[in-house]
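[1] pasting the sequence and the predicted coordinates here, then a few questions.
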Amino acid sequence: MTRPRVRSSDAEHVASSDAEDAADHTTGPRCAPGWPSRLVEEASRPPAAPGAVVRGSTPVVFFGDPAVASVATLGINPSPRQFVHQNGVLRQGPDRRLATLPWLGLGSWDELDRDAGQRILAECAAYFEPGRAPYRRWFDPFDRVLVEGLGVSYYDGRACHLNLVPWATHPVWRDLDRAEWGRLAEAALPFLVGQLEVAGYRVVVVNGRTVMDEVAAAGVVEWSTDVRLPGPPAAQLCVGEAAGTFYAGWTCNLQNQPGAARLAGDLARWLRSVAEVSDRHTERLRYQPRKSTAKVSTTSSPSTTCRRSW
């Protein structure tokens, strides 16, 4: 089986003078000292369902700097713990993880503007840097799989994290009113689809059935089952490729599904068998699926083949 080889975002890559290559990772030219306009617009957009969003929070467009990451992981939406303590009090001082409305000096989401958007993006990009307070209980299990499977880490800058919806909700998404969740997802998906299509990530790792179904329905990638794990919990490990990006996903939720953490070693070994991150500039090779691979939908309902406009 031929393994897709993908370029890392080490110092050699960051220092590259190839402007086109740099633009791949930022969804547009990143002109110092600012961010691309579409990122700023997303970061300064009020939530589509404000009653469902954690008070005082801001949109998390990404965790970690997409300008240097070659691998992206994809989840559902940020945890409320990114912004508040267990008692619901907003994080401040050294406990603050991301930009908040009070930290920005704002009283409401309607006051978000381009300047606030720039500051929000800078905080998102610095999330895993030394001296910060990342939500390690959530990210570290995923990071161990990335390190063992692909040799990249959130903490070395070579991996970043994205979400279907950039807003932390209260209650969490699975307990949220479906109409409110639908409004948040409908507003966020076009941006996410565009980001995945043009950002130039070499590998995107998708965590959980819900996210896999959404990106398939949005026309981002068509999944094929590569391996089935009997569990518990049982899981399908799936692959796909689109626009030069290799996609790997599993139907279990590594952090939140009971027993899924026990599968971390299997997930890492599987990632290592189907994808490779190289320190050298290499040609993007297509993944060659095993003979037993079959195209599947991870949901019982048919998915659309129409790509959303961007």
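    Received it, and whenever you're ready, just let me know what you need. All of these numbers come straight from a predicted model, not from anything done at the bench.

[2] which stretch of helix or strand covers C252?
    Assignment of secondary structure by DSSP states H and E places C252 within no helix or strand.

[3] repeat for W138
    helix 136-150.

[4] return the next helix or strand after that helix as PDB; C-alpha atoms alone will do.
    If you walk from helix 136-150 toward the C-terminus, the next helix or strand you reach (DSSP H and E) is strand 159-163. Output in PDB follows, covering the C-alpha atoms of strand 159-163 (Å, rounded to 0.1, in the frame of the first residue of the first chain):
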ATOM      1  CA  ALA A 159      -1.000  20.600  14.200                       C
ATOM      2  CA  CYS A 160      -4.000  22.800  14.700                       C
ATOM      3  CA  HIS A 161      -7.600  22.100  15.600                       C
ATOM      4  CA  LEU A 162     -10.800  23.200  13.800                       C
ATOM      5  CA  ASN A 163     -14.500  22.800  14.700                       C
END
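
[5] helix or strand next in line after strand 159-163, which one?
    Per DSSP H and E, the first helix or strand lying C-terminal to strand 159-163 is helix 178-198.

[6] buried residues, the helix holding W138. List them.
    W138, F139, F142, D143, R144, V145, L146, V147, G149, L150 (16 or more other CB atoms under 10 Å). Any C-beta I mention is one placed from the backbone N, CA and C, and that applies to glycine too.

[7] next one: the host helix or strand of R228 to chain centre, how far?
    Secondary-structure element containing R228, defined by DSSP H and E: strand 224-229. Taking CA atoms, centre = their mean, to the nearest Å, the mean C-alpha location of strand 224-229 is offset from the chain mean by 22 Å.

[8] now do that strand, average pLDDT.
    For strand 224-229, the mean per-residue pLDDT is 96.

[9] what helices or strands is that strand leaning on?
    Applying 3 or more CB pairs under 8 Å, 6 or more residues apart in numbering; DSSP states H and E, we find strand 224-229 packed against strand 235-242, helix 264-274, strand 294-295.

[10] pull up the pairing partners for it, direction included.
    The pairing partners recorded for strand 224-229 under DSSP bridges are strand 235-242 (antiparallel), strand 294-295 (antiparallel).

[11] mean neighbour count, these: which tops it?
    strand 235-242 (a mean of 21; mean count of other CB atoms under 10 Å).

[12] C-alpha coordinates for that one, PDB please?
    Output in PDB follows, covering the C-alpha atoms of strand 235-242 (Å, rounded to 0.1, in the frame of the first residue of the first chain):
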ATOM      1  CA  ALA A 235     -15.700   2.100  15.300                       C
ATOM      2  CA  GLN A 236     -15.200   2.500  11.600                       C
ATOM      3  CA  LEU A 237     -11.800   4.000  10.500                       C
ATOM      4  CA  CYS A 238     -12.300   5.800   7.200                       C
ATOM      5  CA  VAL A 239     -10.200   7.600   4.600                       C
ATOM      6  CA  GLY A 240     -10.800  10.000   1.800                       C
ATOM      7  CA  GLU A 241      -9.000  12.600  -0.300                       C
ATOM      8  CA  ALA A 242     -10.000  15.900  -1.700                       C
END
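
[13] the residue nearest to V147 when sequence neighbours are not counted and W250, how far apart?
    Closest residue to V147 apart from its sequence neighbours, by CB to CB, 6 or more residues apart in numbering: S153 at 5.2 Å. Between S153 and W250 the distance is 19 Å, computed by CB to CB, to the nearest Å.

[14] looking at these two, which is more packed in?
    For S153 versus W250, the count of surrounding residues by other CB atoms under 10 Å is larger for W250: 26 against 17.

[15] dig out what the more buried one forms beta bridges with.
    W250 has these beta-bridge partners by DSSP bridges: N207, L237.

[16] any idea how far A199 is from it?
    22 Å.

[17] so the strand holding R228 versus helix 264-274, what angle?
    For strand 224-229 against helix 264-274, the angle by axes from the mean of the first three to the mean of the last three CA atoms, to 10 degrees is 150 degrees.

[18] buried residues, strand 224-229. List them.
    Neighbour-count burial for strand 224-229 flags S224, T225, D226, V227, L229 (criterion: 16+ other CB under 10 Å).

[19] give me the helix or strand of this protein that scores worst on average pLDDT.
    helix 11-14 (a mean of 31; mean pLDDT, DSSP states H and E).

[20] contact partners for the spatially most central residue of the chain?
    Nearest to the geometric centre of the chain sits L162, at 2.0 Å (CA atoms, centre = their mean). Taking CB atoms under 8 Å, 6 or more residues apart in numbering as the criterion, L162 is in contact with F62, F63, A72, T73, L74, G75, L192, Q195, L196.
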